[in-house]
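K.L.:
give me a 3D structure for the following:
(2 chains)
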Amino acid sequence: MRKTIYLLLALLFVAAMALAACKPAPAEMPAGGEAGEGESAAAEGAEGGEGAEAGAAAESGVEVMPAEGLTLAIEHFSIIEGTTWSGAHHRAGQRIAEKYDNVDYVYREEVGPDLSVPFAEELIADGADIVVGNAEFMGMPLLDLTDKYPDVNFVSIIASDLTTKDNFLRVFPRQYQALYLEGLIAGALTETGNIGIVSAFPSVQVIRRTAGFYLGVMDAAELLGKDVNVYVKYAGDWYLPQEERDIATTLVEQYNVDVITHQTDSGSPLDVAVEKGIWFVGKDMDIVGFYGWADTNTVAVSFDTRWEVLYDKIIQAMLAGEKPPQVLYLGMESTMTLADGTVESTVDIMNDNKVGVDAISPAALEKLPQEIVDLVKQRRDQMMKGEWDPFTAHAFVSNGTGLELEGTPIPEAGTEVKPAGEEPTVEWLLSQFNFDLQGLTILE
Amino acid sequence: MLEFITRSLDASMIFTLAALGELIGQRSGILNVGVEGVMLFGATLGFIVAQTTGSYVLGFLTAVLIGGIIGLLHAAFSVVLGGDQVVSGMGIWIVGFGLTTYIGSPYTGPLGMERIPAVLGVSPFFFVGVLLVLITWFVLQKTSLGLAIRSVGENPAVAEVSGIKVARLRILCETVAGMLMGLAGAVYALNYNPVWNYNFLMGWGFIALALVFFSMWNPWFLLGGALLFGTMWQLSLNPEMVLPGVLSRYIWRTVPFIVTSIALVLMSTPWFRTRWGAARPQALGLPYEKD
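P.N.:
Numbers count the residues shown, from 1 in each chain, chains lettered A, B, ... in the order given. The predicted structure follows:
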């Protein structure tokens, strides 16, 4: 009897271990795409508006040989499946591998800051030429490897730090442009005049994204002659499903919010929107088309981040034997042609697999005044051409709230930090934009 | 305020169900520190089955079934093989955390089903929880089965001599315990916050475990503790909803644990033990081998 139980338990244990071992990381994506596409993409990319590519090779003086083939390795801080952040990075790696015959994509999931260096060394030993940390907190430790592996380019996402080296590159998309368009739609949609944001915690990245959305809301309100309040409530971290749910519920119940969005990572705010029958505005990925988490009766619009456009710039430079730019901060004007011929910009509003004005949910579109739809189309077209940017067009007046940075206190309420029409620098936007815009209500 | 009260009751019942399972197991002498793992399994598989089939009933049944199976495995390891119960429990938690992340990831996102309707303004699981507390108290205190369970938890050798099948009873209790923990997980994932995310419980199972000690192995104390913990937990999520400007949520989050510490100190006094006659099962966590 006991032998049988021993055997049964051993079998269960082995089965559990075998199942766990099936977890697909690290995995290698087969290189795909048609021959010659890399060349055309390189030519297309070279034409892009590259004002946001700073610190290029010429400064380094390091001789770089053209690469015949490359391996792109992405260390994902979270799991991939079902996440909008790592999910978008993973899709980017896959799209790069599909586009270039001579580029492979490998990855690791759930890489914490303590693991990013050892995993990177493993990946490099296996042939990685580019190692990406897809969050700043676990991407920054890669800086320690830059001298040891001078031929490898390390890439880290920017949250608020802007440290670079010849082979330590920093990237981020201008998501605020798409968020501005979302804000236009949200500002027009609200009937109660109250919009809520479930947010993670004050950081330069969060403040910047919120500012983009808020400017859109305010432009819509001005155009329509409405009073609109935008409430921000911080959960304390990016991923706190219970807190996010309760904050979303509070925004609806106590602040009469009828349009909600979030700068957090769980699906709880979306679920509250479904439950309460209010509009939801998505972020990072097309959560309806890609994940099917809700339908367009709840999700008015979302935006999609195409990290592959950023990776593509790095890969093109390396294949051409050039040093990639040390800082890449690309917006809607920068595009990439995928293996199937689709041309996509770094960010765009997207919903239910549709882009641009078509991304606005049919149910929401019915409620939107035509002048708002026209404005969304106009601003999107202008940003695609690099002719207009919400952060250049608008003045930045401090709300007196935000994030105290070392050597950069929060400007007093009412201080005009930047006048309308002046383009803020990339460095300022990425590492010093530390205050909320005037009029936002930050809830304690 | 009404929203806060109903949410607090929802949270309390999740703690109640999980802790009640643990209490039953512990009264029979089996310690399962892997409550969180069992809840994760119940929540994840219940969520997947409910979403796939569109049936809440199947989702809850699956959660209860998987909880029972894990409880049975824990009992087999602890009772039949005489293994270390803490090691087994920790194994359940670790495997539960890893395996449910692997299994559940493709299902990340909202459940996407109509909400379970409220009964008299509160979740039906409130009534289920109170009823189960009543049944557990009645069985443990008023029936011969309850006497047998308490006996094997206090002194299994004596119980064996008096004709009680210790191993069989402990396996039964631990299986029922697992079923309740699985149900608790499903109530979380299908009713309280019906959105699957990895590691979504974030410590609820451990609070349920602490609650059993807090309750002095008494189902009614357990219910009271669960209501207190549930309210405090809910308050800590967003205290501004009820008490705007009064302490930060991080301070509120510590309150249940401070209360537990004070209560445990109080309960350890001879006065309390004499007054309430409540005490830890003497054979808790100790393997028993029939002579």
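K.L.:
list the contacts for residue 269?
P.N.:
Looking at chain A here, since you left the chain open. A:198, A:244, A:245, A:247, A:248, A:260, A:261, A:262, A:280 (CB atoms under 8 Å, 6 or more residues apart in numbering or on different chains). No exception for glycine: its C-beta is placed from N, CA and C like everyone else's.
K.L.:
thought the third one was touching residue A:270?
P.N.:
Which is residue A:245. No - assessed by CB atoms under 8 Å, residue A:245 is found out of contact with residue A:270, at 10.0 Å.
K.L.:
overlap in contacts, these two.
P.N.:
Common neighbours of residue A:245 and residue A:270 (CB under 8 Å, 6+ apart) are residue B:195.
K.L.:
just to revisit the earlier point, also within reach of chain B: list those from the contacts of residue A:269.
P.N.:
Residues of these in contact with chain B (CB under 8 Å from any CB of the partner chain): A:245, A:247.
K.L.:
nearest to residue B:125 among the contacts of residue A:269?
P.N.:
residue A:245 (16.9 Å; CB to CB).
K.L.:
could you find the closest non-adjacent residue to the residue of chain B found nearest chain A?
P.N.:
Closest residue of chain B to chain A, CB to the nearest CB: residue B:108 (2.3 Å). Using CB to CB, 6 or more residues apart in numbering or on different chains and skipping residues adjacent in sequence, the residue nearest residue B:108 is residue A:82, 2.3 Å away.
K.L.:
please report the distance of that neighbour from residue A:205.
P.N.:
22 Å (CB to CB, to the nearest Å).
K.L.:
do the same with residue B:271
P.N.:
56 Å.
K.L.:
compare these two (neighbour count), which wins?
P.N.:
Set side by side, residue B:271 and residue A:205 show more neighbours around residue A:205, with 21 against 9, by other CB atoms under 10 Å in any protein chain shown.
K.L.:
does the more buried one sit in a helix, a strand or a coil?
P.N.:
When classified by DSSP: H, G, I helix; E, B strand; the rest coil, residue A:205 comes out as helix.
K.L.:
how about the one 10 residues further on?
P.N.:
With three-state DSSP as the basis, residue A:215 sits in helix.
K.L.:
and for it, nearest residue in space, chain neighbours not counted?
P.N.:
Computed as CB to CB, 6+ apart, the closest residue to residue A:215 that is not its neighbour in sequence is residue A:390, at 4.9 Å.
K.L.:
which residues of the stretch 151-291 of chain B score low on pLDDT?
P.N.:
Within the stretch 151-291 of chain B, the stretches with pLDDT under 70 are B:273, B:275-278, B:291.
K.L.:
and for chain A?
P.N.:
A:1-67.
K.L.:
for the residue nearest to residue B:214 when sequence neighbours are not counted, list the residues it contacts.
P.N.:
Leaving aside its sequence neighbours, residue B:214 sits nearest to residue B:225 (CB to CB, 6+ apart; 4.6 Å). By CB under 8 Å, 6+ apart, the contact list for residue B:225 reads B:15, B:19, B:211, B:214, B:215, B:263.
K.L.:
confirm residue B:225 sits in a strand?
P.N.:
No - counting by three-state DSSP, residue B:225 is not part of a strand but helix.
K.L.:
where's it relative to residue B:243, distance?
P.N.:
Per CB to CB, residue B:225 is found 21 Å from residue B:243.
K.L.:
quick one, domains of chain A?
P.N.:
A:24-173+A:306-343, A:175-304+A:361-443 (automatic domain parsing).
K.L.:
tabulate these (CSV), appending distance to residue B:55.
P.N.:
Listed next are these as CSV, based on distance: least, CB to CB, whole Å:
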stretch, distance to residue B:55
domain A:24-173+A:306-343, 22
domain A:175-304+A:361-443, 19
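K.L.:
tell me which of these sits nearest to residue B:203.
P.N.:
Among the domains of chain A, the nearest to residue B:203 by CB to CB is domain A:175-304+A:361-443 (10.5 Å).
K.L.:
which SS state does the residue nearest to residue A:385 when sequence neighbours are not counted fall under?
P.N.:
Excluding the flanking residues, the one nearest residue A:385 by CB to CB, 6+ apart is residue A:333, at 6.6 Å. On the three-state scheme (three-state DSSP), residue A:333 is labelled coil.
K.L.:
what about residue A:333, neighbour count?
P.N.:
With other CB under 10 Å as criterion, residue A:333 counts 21.
K.L.:
and what of the one 4 residues further on?
P.N.:
Neighbours of residue A:337 under the rule other CB under 10 Å: 17.
K.L.:
you'd agree it is up against residue A:312?
P.N.:
No - contact criterion CB under 8 Å: residue A:337 and residue A:312 do not qualify, at 9.1 Å.
K.L.:
got the contact list for the residue of the stretch 101-250 of chain A found nearest chain B?
P.N.:
Per CB to the nearest CB, residue A:246 is where the stretch 101-250 of chain A lies closest to chain B, at 4.1 Å. Going by CB under 8 Å, 6+ apart, residue A:246 touches B:7, B:234, B:237, B:238, B:241.
K.L.:
one more: residue A:441?
P.N.:
Residues in contact with residue A:441 (CB under 8 Å, 6+ apart) are A:229, A:230, A:231, A:232.
K.L.:
for PyMOL, write the select line for the buried members of these.
P.N.:
Buried residues among the contacts of residue A:441 (16 or more other CB atoms under 10 Å in any protein chain shown), as a PyMOL selection:
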select buried, chain A and resi 229+230+231+232
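K.L.:
narrow the contacts of residue A:441 to those in helices?
P.N.:
Judged by DSSP state H, helices contain none of those.
K.L.:
would you turn the contacts of residue A:441 into CSV with distance to chain B?
P.N.:
CSV is the format used below for those (distance: CB to the nearest CB, whole Å):
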residue, distance to chain B
A:229, 17
A:230, 17
A:231, 12
A:232, 13
